[in-house]
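# Sequence first, predicted coordinates after that:
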Amino acid sequence: MTTATKNISFNEALPALFGAQFSANGWFTGREAALKQFLALGGIPTVKVEDWKYTNVVPFFKNDIQVALPEVPEVTAAQLEATGLLLPDTYHLVLVNGVMQAHLSQLPPAAQVTVSRLSEAGSQPAVERYFHQSPKIAEFHFAQLNAALFNDGLFIEVKAKAQVEQPIQVVHLYLADQPRLFNPRHLVVVNEGASVQIVESAAGIGLTDNVVINSVTESIVSERAQLSQYQLQTGGSQLRSINQNLVEQKGKSLYNNYTFTLTDSDFVRNNLNISLDEERTETHMYGFYIAAGSQLIDNHTSVDHRMPHCESNELYRGVLMDKATGVFNGKIYVHEDAQKTNAFQQNNNLVISPDAAIYTKPQLEIFADDVKCSHGCTIGQVSDDALFYLRARGIGEAEARNLLVKAFAFDITAKVTIPAVRKQVEQIASQYLHA
């Protein structure tokens with residue numbers, strides 16, 4: 001069943017489809033309220049909505065896109081291996097159309113980490129406490145659409161004081177024979193004193209048309225816990241992605257986020273929203289994106305400093321090529337109680353084509369007196385002086401330009417602490433820069 005007839009919009013067709021398939025699906029009782037909130041926000045946002053000013057998603061939600069509960073086709077180990085996504089020395093959780101496949105997965109030790117399908121975790125205390133409770137979730141169009149329509153996803157809970165030695169890689173595989181909207185939903189809870197690294201990758205298998213992936217992850221970092229999340233967005237051209245990660249940090253916790261967008265997809269939107277809810281929390285955010293062809297890559301970040309003695313650092317860099325468009329919007333809120341805050345944000349962009357464009361808007365809103373905060377952005381081209389320096393040493397112009405762009409890009413990958421991730425990102429980035 002499609003979402004609409006020829007003359008009915010996605011927003012108009014959605015209530016009828018929801019009532020037929022989703023209203024009584026699973027343990028989550030907030031689906032109807034989420035649908036109402038999505039429609040109250042205006043449904044699919046247009047460019048008249050400030051946060052979507054440069055990002056027109058309406059064409060992706062045409063009346064032939066399927067929103068029915070997704071089938072879960074069988075995927076073999078050989079097909080998984082052929083994607084090239086699996087990283088060495090990691091536990092891996094493999095999802096097909098948003099549903100975990102135990103026979104393809106290698107789970108971390110149960111004594112340290114609880115892993116299950118979200119559809120089977122409704123009675124878990126952590127799910128009852130944290131699911132769909134993030135402070136700002138009601139503001140996001142697509143988070144509400146996800147809550148109304150999600151079918152399944154992951155529940156990951158790291159037990160108190162557990163130190164998970166190997167990273168956990170989450171591999172998302174998508175299969176469809178027509179345009180489809182997927183709504184995977186995940187909850188990550190890192191309990192007191194625990195530490196874990198999570199790496200996410202995605203690929204399409206045998207896709208014959210474009211699909212839209214509207215994912216939501218809620219992440220809880222408890223007192224003195226540490227969580228590092230890596231988004232490796234290297235999927236093929238037929239995966240259009242809207243990724244929303246809402247993070248809550250408790251006292252003395254450490255959260256690191258790394259987002260690498262190196263994909264052939266024509267559209268990627270990343271929303272990263274972090275709330276520092278207790279004292280002496282620390283947050284680091286790193287992003288790197290290459291946009292080529294006619295791609296649109298949009299990164300929106302928001303950091304809420306709510307309590308004193310907290311620190312956040314953010315560095316995003318982008319390379320814009322051909323006729324591509326990049327968007328960066330970074331917001332830092334320092335609330336009245338958040339004295340002694342240190343908050344720093346920087347977005348640097350290298351535009352190497354006259355037809356490429358970048359819209360960047362770093363923002364600070366400060367309501368406390370005793371803080372150290374800064375933000376800034378740069379937009380530039382390859383330095384003529386540096387280019388001359390390299391060419392004077394016998395390096396050809398094309399190779400010299402590539403070397404300078406790599407130096408700009410790999411300043412971010414140097415922050416990565418997982419060698420296999422750093423190697424994969426640098427290899428893929430090099431292929432783009434030599435193209």
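Structure's in. What do you need? Numbering: from 1, shown residues only.
# tell me which element the residue nearest to Pro135 when sequence neighbours are not counted falls in.
Computed as CB to CB, 6 or more residues apart in numbering, the closest residue to Pro135 that is not its neighbour in sequence is Ser275, at 5.8 Å. All C-beta atoms are positioned from the backbone trio N, CA, C, and that covers glycine. Ser275 is part of strand 267-276 when elements are defined by DSSP states H and E.
# Distance from that strand to the middle of the chain?
Here strand 267-276 is found 6 Å from its chain centre; the criterion is CA atoms, centre = their mean, to the nearest Å.
# Within its sheet, name the partner strands of the helix or strand just after that strand and how each one runs.
Along the chain past strand 267-276, the next helix or strand (assigned with DSSP H and E) turns out to be strand 282-291. Paired strands of strand 282-291, with direction, are strand 254-261 (parallel), strand 311-320 (parallel) (DSSP bridges).
# Turn those strands into a markdown table, columns for mean pLDDT and mean neighbour count.
What follows is those, written out as a markdown table (pLDDT from 0 to 100; neighbours: other CB atoms under 10 Å):
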| stretch | mean pLDDT | mean neighbour count |
| --- | --- | --- |
| strand 254-261 | 97 | 22 |
| strand 311-320 | 95 | 22 |
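# ok so, going back, what are the pairing partners of the strand holding Ser275, and which direction each?
Under the rule (DSSP bridges), strand 267-276 has strand 239-249 (parallel), strand 296-305 (parallel) as partners.
# For Phe410, which of those is the nearest?
Closest of these to Phe410 is strand 296-305, at 18.4 Å (criterion: CB to CB).
# Keeping just the C-alphas, turn the closest one into PDB.
The C-alpha coordinates for strand 296-305 follow below in PDB (Å, rounded to 0.1, in the frame of the first residue of the first chain):
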ATOM      1  CA  LEU A 296      23.200  18.000  -0.100                       C
ATOM      2  CA  ILE A 297      24.800  17.200   3.300                       C
ATOM      3  CA  ASP A 298      23.300  19.000   6.300                       C
ATOM      4  CA  ASN A 299      24.600  18.900   9.900                       C
ATOM      5  CA  HIS A 300      22.600  20.400  12.700                       C
ATOM      6  CA  THR A 301      24.100  20.200  16.200                       C
ATOM      7  CA  SER A 302      22.800  21.500  19.600                       C
ATOM      8  CA  VAL A 303      24.500  21.500  23.000                       C
ATOM      9  CA  ASP A 304      22.600  22.500  26.100                       C
ATOM     10  CA  HIS A 305      24.800  23.400  29.000                       C
END
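# thinking again about what came up before, switch the strands paired with strand 267-276 over to JSON lines; also include mean pLDDT and distance to Ala102.
Formatted as JSON lines, those follow (pLDDT from 0 to 100; distance: least, CB to CB, whole Å):
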{"stretch": "strand 239-249", "mean pLDDT": "97", "distance to Ala102": "24"}
{"stretch": "strand 296-305", "mean pLDDT": "97", "distance to Ala102": "34"}
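# For the ones you listed, could you give me TSV that also reports mean neighbour count and distance to Leu433?
Shown next, in TSV, are the strands paired with strand 267-276 (neighbours: other CB atoms under 10 Å; distance: least, CB to CB, whole Å):
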stretch	mean neighbour count	distance to Leu433
strand 239-249	24	22
strand 296-305	24	16
